[in-house]
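Student: sequence and predicted structure below; questions after.
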There are 2 protein chains.
Amino acid sequence: MVHVNTAELIEKMLAGDRLALARLITQVENRSASVPDIMRRVHGRTGRTYVLGITGPPGAGKSTVVDRLTALLRAESASVGVVAVDPSSPFTGGAVLGDRIRMQSHALDPEVFIRSMATRGSLGGLARATSDVIRLLAAFGKQWILIETVGVGQTELDIIKQADTTVVLLVPESGDAVQTMKAGLMEIADIFVVNKADREGANPLMTELRFMAHLQRQSPQAPKDIDWEIPVLATQAQDGTGVPELLAEVQRHRGTLEASGALEKRRQARRRAELQALLIEEFTEQLSRWLQADGDLAATLEQVADGRLDPYSAVADILAAFRLGPGPSQ
Amino acid sequence: MVHVNTAELIEKMLAGDRLALARLITQVENRSASVPDIMRRVHGRTGRTYVLGITGPPGAGKSTVVDRLTALLRAESASVGVVAVDPSSPFTGGAVLGDRIRMQSHALDPEVFIRSMATRGSLGGLARATSDVIRLLAAFGKQWILIETVGVGQTELDIIKQADTTVVLLVPESGDAVQTMKAGLMEIADIFVVNKADREGANPLMTELRFMAHLQRQSPQAPKDIDWEIPVLATQAQDGTGVPELLAEVQRHRGTLEASGALEKRRQARRRAELQALLIEEFTEQLSRWLQADGDLAATLEQVADGRLDPYSAVADILAAFRLGPGPSQ
């Protein structure tokens, strides 16, 4: 094994070395011990990057839409990073094949960097890894980062919430799924797109989505920081129909966020939430180690597992056993 | 305001007073400060209770199936508690009307206790409240507890995972949703039911579900503690068709879990997970208080929010500032 100097890799990456970037992403994806060091070193190197999320059910045509959007952005000379995340790949096998078959039209363009990520072990780690990969791509100088993910479940939500603008992509057949996931969809969507809009059922679905978007705007759940009614667009991504209009809506959403100051406020809120998640993760890890190492605590845990002790009493006992509180100076 | 003595309420509840039970549930639902005390006092009073979860999309007929199952269980002289949880009620309004219109056939039966719960504030609290309500109903002596919830999202998963056996209820129109939620469905389902099975599309859906169940059994994700291929049943709950067969499958699943020792092992794992969740919750709350009270930490948090400090460095700083670790004796 060759010893890889992380500092050296980062220097190379910042100088535009795609291979160095790819190796750093692999370290991040594997949650290597060097991740905190990598993130410390690239911090502050990130430029003016905008993150666009594309989510939707399998078969909605997400890759095609991402491909078309990439082409339009490249026509405007913007550099583009694409991160395709498939948390459900043990079932669908999606991301594994992804790198090879997707977006061959951009394979030779040095200003497009494409990476697929799939579940390796815990799902929680995937959202964190995606967030770190976004930072790496930003430090690499990408002006646009497109995140593509299948849109169901907590992990996917955690992933897609890292986007500045989120497009929810549906197909005419998605009507039933829309009913099922209504609350979740409204929570994440900034733009609705009905792809394969030449198929039967496109119009009723668009009508339904417009009705939902209209209700949402007046509901207490609607975001208060910008005035935005979720637009509903039709595309046929296969031949590019409607995709320029989609990019225009993305730009309009970006403009609204920027003009109102909401973009920076939302990013701040995301960073706060991320810090809290990291703290809780670290605490949980330390706690597990203590529970294993400390005989008394392990015994308490087993009493709860066996049903001999109620969990509320156990929490009081365990937290009392730790110096949980402000540090040594107090 | 009359001062309510919790100990007295619990005595009454344990003696069979339904009003006392209802008032305790209200305290639990509102996350009153007395909850830890209530849970300590009812602990160990819980008898031989089996928890059955019914989940599925809106309109699948969950209430009707629960109603029919309740009737069958009452015919066997079992006492039944029903908890209908609707985390999405701000959108659907489901649980609010629920109590009044549902299950009128059991309204006068003292051996059936029905309670609807909806979101009040945070979703996270709803899963915890449901778990505590299950304990209260068990202490009250219910032999069967049926939990009914809409089956999408992390909260609903947290709720339904408290069941010993979980039935996923679908309708012939659910095909697209099944594709979208495949991984999530396979994770929670012990039994699949296609309700309203006289409608078009029932047979293809059942074939697809059987294929998924068959694949799942051979996948690395399949549970290892019991040998169980998820059965796929057809019902027409409106007239009761297929519901006795459903109850028979539930009993067969219960028997398999009991005979293999998996039931107790799974319950132990649930209690461990619940303790950990409670610990993390408590830690998070303390952490938020410290972050607000301690100027240095608040400054660190704001540096991260503004993008001046990376979150990994901040976590190292914050955890170093606390006596996080084994207690005073060490």
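Tutor: Looks like it arrived, so ask away. Residues are numbered from 1 along each chain as shown, chains lettered A, B, ... in the order given.
Student: would you map the strands across the stretch 101-250 of chain A?
Tutor: A:112-118, A:144-150, A:165-170, A:191-194, A:232-234 (DSSP state E, counting those that start in this stretch).
Student: least confident of these, on average?
Tutor: Mean pLDDT values for the strands of the stretch 101-250 of chain A show the minimum at strand A:112-118, a mean of 84.
Student: any buried residues in it, and which?
Tutor: In terms of neighbour count (16 or more other CB atoms under 10 Å in any protein chain shown), strand A:112-118 has its buried residues at A:V112, A:F113, A:I114, A:R115, A:S116, A:M117, A:A118. All C-beta spots, glycine's among them, are computed from the backbone N, C-alpha and C.
Student: who's the second one bridged to?
Tutor: Under the criterion DSSP bridges, A:F113 forms beta bridges with A:G81.
Student: with the last one instead?
Tutor: Beta-bridge partners recorded for A:A118 (DSSP bridges): A:D86.
Student: roughly how far apart are it and chain B?
Tutor: 12 Å (CB to the nearest CB, to the nearest Å).
Student: returning to what we had before: to B:L136, which of the strands of the stretch 101-250 of chain A lies closest?
Tutor: Closest of those to B:L136 is strand A:144-150, at 38.3 Å (criterion: CB to CB).
Student: now the angle from the closest one to strand A:165-170?
Tutor: 40 degrees (axes from the mean of the first three to the mean of the last three CA atoms, to 10 degrees).
Student: JSON lines please, covering the strands of the stretch 101-250 of chain A and showing distance to B:A197.
Tutor: What follows is the strands of the stretch 101-250 of chain A, written out as JSON lines (distance: least, CB to CB, whole Å):
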{"stretch": "strand A:112-118", "distance to B:A197": "36"}
{"stretch": "strand A:144-150", "distance to B:A197": "29"}
{"stretch": "strand A:165-170", "distance to B:A197": "27"}
{"stretch": "strand A:191-194", "distance to B:A197": "30"}
{"stretch": "strand A:232-234", "distance to B:A197": "34"}
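Student: and of those strands, who's closest to A:L24?
Tutor: It's strand A:112-118; of the strands of the stretch 101-250 of chain A, that one is closest to A:L24 (CB to CB) at 11.0 Å.
Student: which stretches of the stretch 1-150 of chain A form helices?
Tutor: A:6-14, A:18-29, A:35-42, A:62-75, A:89-92, A:94-101, A:123-139 (DSSP state H, counting those that start in this stretch).
Student: lowest-confidence stretch among those?
Tutor: helix A:89-92 - the lowest mean pLDDT of the helices of the stretch 1-150 of chain A, at a mean of 40.
Student: in the stretch 101-250 of chain A, which segments are predicted with low confidence?
Tutor: A:101-104, A:119-124, A:151-155, A:180 (pLDDT under 70).
Student: outline the domain layout of chain A.
Tutor: A:45-260, A:276-321 (automatic domain parsing).
Student: endpoint to endpoint, the first one covers what distance?
Tutor: Distance between the boundary residues of domain A:45-260 (CA to CA, to the nearest Å) amounts to 25 Å.
Student: check stretch A:106-126 too.
Tutor: 25 Å.
Student: just how off-centre is it within its chain?
Tutor: With CA atoms, centre = their mean, to the nearest Å as the basis, stretch A:106-126 stands 12 Å off its chain's centre.
Student: with stretch A:39-47 instead?
Tutor: 19 Å.
Student: next one: it, is it in contact with chain B?
Tutor: Yes. Interface with chain B: stretch A:39-47 contributes A:M39, A:R40, A:H43, A:G44 (CB under 8 Å from any CB of the partner chain).
Student: check the gap between the first one and B:V315 for me.
Tutor: What it means is A:M39. Using CB to CB, to the nearest Å, A:M39 is found at 11 Å from B:V315.
Student: repeat for A:V178
Tutor: 39 Å.
Student: take the helices of the stretch 1-150 of chain A and lay them out in CSV including mean neighbour count.
Tutor: Listed next are these as CSV, based on neighbours: other CB atoms under 10 Å in any protein chain shown:
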stretch, mean neighbour count
helix A:6-14, 17
helix A:18-29, 18
helix A:35-42, 19
helix A:62-75, 20
helix A:89-92, 18
helix A:94-101, 15
helix A:123-139, 21
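Student: could you dump the ones you listed to a markdown table with distance to B:R48?
Tutor: Shown next, in a markdown table, are the helices of the stretch 1-150 of chain A (distance: least, CB to CB, whole Å):
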| stretch | distance to B:R48 |
| --- | --- |
| helix A:6-14 | 57 |
| helix A:18-29 | 47 |
| helix A:35-42 | 48 |
| helix A:62-75 | 49 |
| helix A:89-92 | 36 |
| helix A:94-101 | 44 |
| helix A:123-139 | 35 |
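Student: and the strand or helix carrying A:L278, average pLDDT?
Tutor: Taking DSSP states H and E as the criterion, A:L278 maps to helix A:262-293. For helix A:262-293, mean pLDDT rounds to 85.
Student: how far is that helix from where the chain is centred?
Tutor: The answer for helix A:262-293 is 16 Å, by CA atoms, centre = their mean.
Student: how about stretch A:305-313?
Tutor: 37 Å.
Student: tell me which residues of that stretch are tucked away?
Tutor: A:A305, A:L309, A:D310, A:P311, A:Y312, A:S313.
Student: how far does stretch A:111-129 stretch from one end to the other?
Tutor: 22 Å.
Student: farthest-apart pair in the buried residues of stretch A:305-313, please.
Tutor: Farthest pair in the buried residues of stretch A:305-313, by CB to CB: A:A305 and A:Y312, 15.0 Å.
Student: which positions in the stretch 151-300 of chain A make contact with chain B?
Tutor: A:151-154, A:157, A:173-177, A:179-184, A:186, A:219-221, A:267-269, A:271-272, A:274-276, A:278-280, A:282-284, A:286-287, A:290, A:293-294.
Student: give me the neighbour count for the residue lying closest to A:A177 once chain neighbours are set aside.
Tutor: Nearest non-adjacent residue to A:A177, counting by CB to CB, 6 or more residues apart in numbering or on different chains: B:A177, 4.3 Å away. Counted with other CB atoms under 10 Å in any protein chain shown, residues neighbouring B:A177 total 27.
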